[in-house]
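Asks: give the three-dimensional model of this entry:
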Amino acid sequence: MKILITGASGFVGSFLVEHALKQGFEVWAALRVGSSRRYLQDQRIRFIELDLGSDEKLRRQLEAFKEKHEAFDHVIHAAGATKAKDEAAFRHTNTEGTIRLARLLSDLKLLRGRFVFVSSLSIMGNVCDMPLLDNKGKPLPGFERYRPISETDTPQPNTAYGRSKLDAEKGLADVEDLDYIILRPTGVYGPRERDYFLMADSIRKHIDFAVGFTPQAITFIYVLDLVEACFLALTRGECGRAYLLSDGATYDSRAFSDLLQREMGVRNVLHITAPVWFLQIVCQLNTWLSKLTGKMSALNMDKFHILRQRNWKCDIEPARKELGYTPQWTLARGVEAAVDWYKKEGWL
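Replies: Numbers count the residues shown, from 1 in each chain. Next up, the predicted model:
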């Protein structure tokens, strides 16, 4: 069985490649020119250069592949931009690149089986941020006040990243003869991941930063659980369906940082909660500076909308029932594994 994995040099993609090799697939790792192969050292990996940003180049690359090889049995499309200078850049990579790849694979008859698209829970936006009320008309306590986001809710993406992913999902529906499934994971963490590492680095410096004083319901998924879901989706689930993914639990805004603090053995952490308006000013300023300098900041307006959102609870029952998805990694176990890796690699 031959599988194409895009974004293979990235955080999720590199784990997808490792899992595919363990499952006995003939693995083709799609890379861009100059992509790192740090986590792609296994000699069994076959590499293919794909330029998802150019219709002409991508067609030429796929046609050259077809001259020497048979079609792929499956494709897992994990390539994408999580940071970009503006909305057009997000669309170029996440929307147009995804649709272009799927369309050309279909046109050239290079895909026998399923196309799994790794999208994001962020495409839903803050559809369920309004609190549930008790019989006295007051919000329920803690994150019980929020109902889970469901795949039946109408997406209302509030970030450029989320909009680009949603438009990619819509575009897949227009690709002729494409058997595809969409996965919408919540925040993915684990070894090799750098965004959550920044939180660990902050804890190491005895600072924990949070935003907003309204209770927040947060969800996570460990990278290996997402990988397992991707491979389940190759042969299970309904074509065209979108499945929400998390570890099945909901956490408050301190859960992740508290676990980091415990695993790292850090004491006397200063917990700072900034008002939303202050974060907005900082993010707007950073976004403006990024446009001037061309350097992207971790605190931008997309990040502002993500941090401001109060409810990330999501319903994973359809994934459990239709994909057979059973998350194996609790947050405590996952954070322990991530911190252990950070230490071994010298990140901490």
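Asks: over to Ala210. Which of the three states is it?
Replies: Taking DSSP: H, G, I helix; E, B strand; the rest coil as the rule, one finds Ala210 in the strand state.
Asks: ok, it to Leu58 distance?
Replies: Distance from Ala210 to Leu58, counting by C-beta to C-beta, to the nearest Å: 42 Å. From N, CA and C alone the C-beta is placed, and that goes for glycine too.
Asks: the two: who's more crowded?
Replies: Between Ala210 and Leu58, counted using other C-beta atoms under 10 Å, the more crowded position is Leu58 (19 against 16).
Asks: checking my notes, that one in a helix, right?
Replies: Yes - the assignment for Leu58 (three-state DSSP) places it in a helix.
Asks: so what's the residue nearest the centre of the chain up against?
Replies: Residue closest to the average C-alpha location in the chain (C-alpha atoms, centre = their mean): Ser120, at 5.2 Å. Applying C-beta atoms under 8 Å, 6 or more residues apart in numbering to Ser120 gives the contacts 161-162, 165, 184-185.
Asks: now these as JSON lines including distance to Ser14?
Replies: Output for these, formatted as JSON lines (distance: C-beta to C-beta, whole Å):
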{"residue": "Tyr161", "distance to Ser14": "21"}
{"residue": "Gly162", "distance to Ser14": "24"}
{"residue": "Lys165", "distance to Ser14": "20"}
{"residue": "Arg184", "distance to Ser14": "21"}
{"residue": "Pro185", "distance to Ser14": "16"}
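Asks: what about the residue nearest to the centre of the chain, distance to Thr82?
Replies: Distance of Ser120 to Thr82, computed by C-beta to C-beta: 9 Å.
Asks: now do the shared contacts for these two.
Replies: Common neighbours of Ser120 and Thr82 (C-beta under 8 Å, 6+ apart) are Tyr161.
Asks: export only the CA atoms of stretch 219-237, formatted as PDB.
Replies: Extracted C-alpha coordinates of stretch 219-237, given in PDB (Å, rounded to 0.1, in the frame of the first residue of the first chain):
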ATOM      1  CA  THR A 219      -9.300  21.100  24.900                       C
ATOM      2  CA  PHE A 220      -6.200  19.300  23.600                       C
ATOM      3  CA  ILE A 221      -5.100  16.400  21.600                       C
ATOM      4  CA  TYR A 222      -1.800  14.600  21.800                       C
ATOM      5  CA  VAL A 223      -0.100  14.200  18.500                       C
ATOM      6  CA  LEU A 224      -0.100  10.400  18.500                       C
ATOM      7  CA  ASP A 225      -3.900  10.400  19.000                       C
ATOM      8  CA  LEU A 226      -4.300  12.700  16.000                       C
ATOM      9  CA  VAL A 227      -2.000  10.400  14.000                       C
ATOM     10  CA  GLU A 228      -4.100   7.400  14.900                       C
ATOM     11  CA  ALA A 229      -7.300   9.200  13.900                       C
ATOM     12  CA  CYS A 230      -5.800  10.000  10.500                       C
ATOM     13  CA  PHE A 231      -5.100   6.300   9.800                       C
ATOM     14  CA  LEU A 232      -8.500   5.200  11.000                       C
ATOM     15  CA  ALA A 233     -10.000   7.700   8.600                       C
ATOM     16  CA  LEU A 234      -8.300   6.000   5.600                       C
ATOM     17  CA  THR A 235     -10.800   3.200   5.700                       C
ATOM     18  CA  ARG A 236     -13.600   4.300   8.000                       C
ATOM     19  CA  GLY A 237     -16.000   7.100   8.200                       C
END
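Asks: buried sites along that stretch?
Replies: Residues of stretch 219-237 classed as buried by neighbour count (16 or more other C-beta atoms under 10 Å): 219-234, 237.
Asks: cool, stretch 54-66 as well?
Replies: 58-59, 61-62, 65.
Asks: avg pLDDT for it?
Replies: The pLDDT scores in stretch 54-66 average 97.
Asks: now do that stretch: everything it contacts.
Replies: Identification of contacts with stretch 54-66 by C-beta under 8 Å, 6+ apart yields 48-52, 100-101, 104-105, 108, 110.
Asks: want to throw those residues into JSON lines with neighbour count and distance to Ser290?
Replies: Listed next are the contacts of stretch 54-66 as JSON lines, based on neighbours: other C-beta atoms under 10 Å; distance: C-beta to C-beta, whole Å:
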{"residue": "Ile48", "neighbour count": "17", "distance to Ser290": "32"}
{"residue": "Glu49", "neighbour count": "13", "distance to Ser290": "29"}
{"residue": "Leu50", "neighbour count": "24", "distance to Ser290": "28"}
{"residue": "Asp51", "neighbour count": "17", "distance to Ser290": "25"}
{"residue": "Leu52", "neighbour count": "25", "distance to Ser290": "23"}
{"residue": "Arg100", "neighbour count": "20", "distance to Ser290": "27"}
{"residue": "Leu101", "neighbour count": "25", "distance to Ser290": "28"}
{"residue": "Leu104", "neighbour count": "20", "distance to Ser290": "32"}
{"residue": "Leu105", "neighbour count": "21", "distance to Ser290": "34"}
{"residue": "Leu108", "neighbour count": "14", "distance to Ser290": "38"}
{"residue": "Leu110", "neighbour count": "18", "distance to Ser290": "38"}
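Asks: since that was my last question, I'll sign off now.
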